[in-house]
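**Q** Predicted model and sequence below, questions to follow.
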Amino acid sequence: MALRLNLYHEVLKAKALKRRDPLKLSIYGLSVIAALCASWYLVQLMRMYGLNDELTNVKAEFDKIEPAAKAAKKREEDMSGNSLASSYLEKRIEGRFYWAPILSDIMQVVPREVQITRMAGDVSGEGLRRCLITIDGLSAGTDPRRVAEDLRTAIAERFAANYKNVTSTFKTLEDGTELVMLDGKQLSTATFAINIQLNTGEEKPIAPLRKKK
């Protein structure tokens, strides 16, 4: 009967256990996970460095254009203020009252028998303007009072064609104490003062009141 001795039995057993050691497998797995985490961290770190560089460049560019932006904003504010002032002046000019047409209308209806000695005017209101005109003068003729009355009527008719709520009334009408020469004739006179009132423009609409809910 033959006898065999395996002196490497323990060695082989140890190698087999070493190959199947769970701790070693765990270490290998953890090593792989650690390597992946390290790679992810490096990728994120590089990305962060890239974002920091981009932020630095953007900030530098912003610092360059910030003075120009402030200057542009200030200029915009100045231009806005000038625009408002210009708009206000334009509205004032468009809405101002012109005396020239009124004077022209009066001169066109004044006959040669009348001499205007004084004229005054006043305008009030915004949008709808109320105008008050006072005309003092001297009329001459065989019936100077009638000449003054014709002038008052002619003024009222002339203004009624272009203005609203026209009234023309005598403030005073008196016989004169002096005679005047007209066409080689001595004529009696009368002194008068005519008050003229008229409206021009349009009344500004009143904004409707909002009802509270």
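**A** Alright, I've got the coordinates.

**Q** Domain parsing of the chain, as residue ranges.
**A** Using automatic domain parsing, the domain parsing of the chain gives 21-96, 100-201.

**Q** Span of the last one from start to end?
**A** What that stands for is domain 100-201. 16 Å (Cα to Cα, to the nearest Å).

**Q** from the middle of its chain, how far away would that domain be?
**A** Chain-centre distance of domain 100-201: 43 Å, with Cα atoms, centre = their mean, to the nearest Å.

**Q** What average pLDDT does it get?
**A** Mean pLDDT, domain 100-201: 90.

**Q** Show me the helices in the chain, by range?
**A** Secondary structure of the chain (DSSP state H): helices at 9-19, 22-95, 100-109, 144-160.

**Q** can you tell which of those helices is closest to residue 123?
**A** helix 100-109 (10.0 Å; Cβ to Cβ). No exception for glycine: its C-beta is placed from N, CA and C like everyone else's.

**Q** if we can go back for a sec, of the domains of the chain, flag the one that's most buried.
**A** Counting by mean count of other Cβ atoms under 10 Å, domain 100-201 has the highest mean neighbour count of the domains of the chain, with a mean of 15.

**Q** returning to what we had before: export the helices of the chain to CSV and append columns for distance to residue 132.
**A** Output for the helices of the chain, formatted as CSV (distance: least, Cβ to Cβ, whole Å):
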stretch, distance to residue 132
helix 9-19, 121
helix 22-95, 19
helix 100-109, 11
helix 144-160, 12
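
**Q** So which of those is nearest residue 201?
**A** Of these, nearest to residue 201 by Cβ to Cβ is helix 22-95, at 7.3 Å.

**Q** Roughly how far does the residue nearest to residue 137 when sequence neighbours are not counted sit from residue 187?
**A** In space, and not counting its chain neighbours, residue 137 is closest to residue 116: 4.6 Å by Cβ to Cβ, 6 or more residues apart in numbering. Look at residue 116 and residue 187: by Cβ to Cβ, to the nearest Å, they are 17 Å apart.

**Q** and if you look at residue 130?
**A** 37 Å.

**Q** max-length strand in this protein?
**A** Using DSSP state E to define each element, the chain has its longest strand at strand 164-182.
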